[in-house]
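Trainee: Prediction below, plus the sequence it came from.
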Amino acid sequence: MLPGSVDFKDKSIRAILPFDDKFLIVTMANGLYSFGHNSFEKVKTKIDNYLKEEKIVTAIMLEDGNYAFGMFSSGLLIMNEKGDVLNYFNKETGLQSDLIINIMQDTKKNYGYALRMELLL
């Protein structure tokens, strides 16, 4: 194990994404970490508790550099690199389900996401 590293053995890693000149490690219930320059750091955001409690199922980096997180029971969250929430979609805002199991972005920068077993574009 690298010095200063985090033991991810019991953490479900959902995605590893570009993050400035590092990598963003997205875990299901343990929040966000960055890895770069041979060290790990906990990424602190204003929504740390929310990310841990609501559980991240999937995540992607969007074309504009922001991040999209598909949550287990609370929809789709868009966050910038600073940890600010830019947008939030759930059943109350028009999604058919709050369980997002996959996210994609097309060449026209539209979001696509999978809800349970249905694909909605």
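Mentor: Done, it's in.

Trainee: quick one: secondary structure of residue 95?
Mentor: When classified by DSSP: H, G, I helix; E, B strand; the rest coil, residue 95 comes out as coil.

Trainee: what do you get for residue 50?
Mentor: helix.

Trainee: neighbours around it, how many?
Mentor: Each residue near residue 50 was counted by other CB atoms under 10 Å, and the total is 14. Yep, even glycine has a C-beta here, placed from its N, CA and C like the rest.

Trainee: Could you check how far it is from residue 23?
Mentor: 22 Å (CB to CB, to the nearest Å).

Trainee: repeat for residue 35
Mentor: 5 Å.

Trainee: now swap in residue 38 and tell me
Mentor: Distance from residue 38 to residue 23, by CB to CB: 12 Å.

Trainee: For those two, indicate the residue with more neighbours.
Mentor: For residue 38 and residue 23, the more surrounded residue by other CB under 10 Å is residue 23, and the numbers stand at 16 against 9.

Trainee: Thank you kindly, that will do.
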